[in-house]
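>>> give me a 3D structure for the following:
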Amino acid sequence: MDGTQAGKPNGDFTRVSSHLDLPSLDERILEFWDAPDAFAPSVELRPAEAEYTFYDGPPFATGSPHYGHILQGVVKDIVPRYWTMRGRRVERRFGWDVHGLPVEMEVEKQLVVSGPRQIHEFGVGAFNEACRAMVEATTDDWEVITKRIGRWVDFENDYKTMDVDFMESVWWVFNALWDKNLIYKDFKVLPYSYGATTPLSNFEANLDYRDVDDPAITVRLEITAEHGPARAGDYLLIWTTTPWTLPGNLAVAVGAEIDYVRVSGSIDGLTGTYWLAAGLLGTYFDDTADIPSHARGAALLGTEYRPPFDYFGEERDRSAFRVIESDDVSVGAGTCMIHMAPAYGEADCVALNAAGLDVRVDPVDAEARFTDQVPDVAGMNVKDADGTLIRILKEPKNALVKQFQKLFEMEGVNLRFTDSALVAIAKKAVSRKSGARGLRAIIENCMLDIMYEIPSIDDVKECVISEEVALNKEAPILLYEQKKKKA
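Residues are numbered from 1 along each chain as shown. Have a look, this model is predicted:
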């Protein structure tokens, strides 16, 4: 030590005091970064014809930035800087997403309201204004943090998805898809939150993915007419972990190449002649079981049966309640005879479409309560109705063959915003198909928000537009069907 005071030159270096004021040091560094005002010139000095368009998905305006936002912010800074150094003009404005579930659920908490009915009582206009106001409460925090990580982005000319010009740009995009004939009408089975009364994107559905316990039951369905190796009075054994979907049953699926057996015997006191996969025989019968015949699943296709509930018996006239083929059937748990409710399962919907069955019933309302179409459980939440439906299957229907003592554990999801379980429901949509390589979109007849999957070049996925929150949406779309005039 030569006695040189801290802060004074010592050779070619300046001594650093051991008494650091880190907040003050942060401020000095930030002033040092700001002093050259380099960001604006880095954009303006590049020619307009050398523009590089950078799409930045804006964050939701629901709180202060966290580590995930900071990490993404760094990545979003690297790419524009790289292209700027390559001589391109890269304008980037900070944005705010004030539409969709995150904002709406947060505002519901603040206003102490829950669900569409209470929101309409409160007033949709007032609710929308509360959603718009939320962004103002977090703007300063975002700007401070973004500057501290050294990200270059324009906060003075920021945008919000509620801005009229932004919403009009969404309408322009949708109109362009319509003009290109890329919109089609169809059903799409989606994860549905009855707590938020809306379908969810894959991102939203996976925010709080949990394992849940569901009841596992085996039900027998009586065959009503002889068909191939099946005899009238035989039973198809179906297995399900979603008893609430049984009122919507419209078919039973088998694997065409799977070996099935016709077994005469008793299961938990219920005597009959049953059909199930040979590989799962031991789950229900011992080695002494009488097996009069075998058959491939293909031989059972078209077999007619009596549905577990008769709420929609008229659908038989539209070819419902018969055995169809599904590629998703495999020898695993259950019986390899799959109960098909196309309103509540994607594989079910695909299988019925492949079989040419244009039939679908959905006796469940927006809050996942059974409608009057199913009077035995009308008004009940679908999950709460499981127990009642199981009791009806046992008595008086005498159709419950086996109820497994241990609940069946399966991967399920709960929406973190409402802590309500999710169910799969087919949502009606209006649109038109395009080629396999084109963008395909589905639209719901309500005010919309976009949920999407990132497609690969060779496997373009559907871009699904079907959210039903129907409150602060940037793209209200009205759909009309032209009816033929009577002569």
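
>>> may I see the buried residues of stretch 296-315?
Neighbour counts over stretch 296-315 (16 or more other CB atoms under 10 Å) mark 296-297, 299-301, 303-309, 311-312, 315 as buried. Yep, even glycine has a C-beta here, placed from its N, CA and C like the rest.

>>> and of the residues you listed, the nearest to residue 116?
Checking those against residue 116 by CB to CB gives residue 311 as the nearest, at 26.3 Å.

>>> quick check: which element contains that closest one?
Following DSSP states H and E, one finds residue 311 outside all helices and strands.

>>> contacting residues for it?
The neighbours of residue 311, taking CB atoms under 8 Å, 6 or more residues apart in numbering as the test, are 247, 363, 373, 374, 375.

>>> pLDDT at the second one, what is it?
What it means is residue 363. Listed pLDDT for residue 363 reads 94.

>>> likewise for residue 437?
Per-residue confidence at residue 437 stands at 31 (pLDDT).

>>> low-confidence regions, the stretch 151-300 of the chain specifically.
Along the stretch 151-300 of the chain, segments meeting pLDDT under 70 span 184-188, 195, 201-212.

>>> could you rerun that using 80?
Along the stretch 151-300 of the chain, the model assigns pLDDT under 80 to residues 174, 177-178, 180-214.

>>> now do the helices in the stretch 51-200 of the chain.
Applying DSSP state H, counting those that start in this stretch to the stretch 51-200 of the chain gives helices spanning 67-85, 101-111, 115-122, 124-148, 164-179.

>>> nearest to residue 381, of those?
With CB to CB as the criterion, residue 381 lies closest to helix 115-122 of the helices of the stretch 51-200 of the chain, at 13.0 Å.

>>> list the buried residues of the closest one.
Buried residues in helix 115-122, counted by 16+ other CB under 10 Å: 116, 119.

>>> farthest pair within the buried residues of stretch 296-315?
The span of the buried residues of stretch 296-315, defined through CB to CB, is set by 296 and 311 at 32.3 Å.

>>> neighbours of the closest residue in space to residue 39 that isn't next to it in sequence, how many?
Nearest in space to residue 39, with sequence neighbours left out and distances taken as CB to CB, 6 or more residues apart in numbering, is residue 152 at 4.4 Å. When neighbours are counted by other CB atoms under 10 Å, residue 152 registers 19.

>>> quick check: the gap between residue 152 and residue 331.
Distance check for residue 152 against residue 331: by CB to CB, to the nearest Å, it reads 58 Å.

>>> now residue 387
As for residue 387, its distance to residue 331 is 30 Å (criterion: CB to CB).

>>> which residues touch the nearest residue to residue 226 once chain neighbours are set aside?
Spatial nearest neighbour of residue 226, chain neighbours left out: residue 232 (5.3 Å); criterion: CB to CB, 6+ apart. By CB under 8 Å, 6+ apart, the contact set of residue 232 is 223, 224, 225, 226.

>>> now with 10 Å?
Contacts for residue 232 (CB atoms under 10 Å, 6 or more residues apart in numbering) come out as 222, 223, 224, 225, 226, 304.

>>> filter these down to the buried ones.
Buried among these (16+ other CB under 10 Å): 223, 224, 304.

>>> surely the first one touches residue 237?
Read that as residue 223. No. In this structure, residue 223 is not within contact of residue 237 by CB atoms under 10 Å, at 11.3 Å.

>>> shared neighbours, those two?
Common contacts of residue 223 and residue 237 (CB under 10 Å, 6+ apart): residue 275.

>>> since that was my last question, I'll sign off now.
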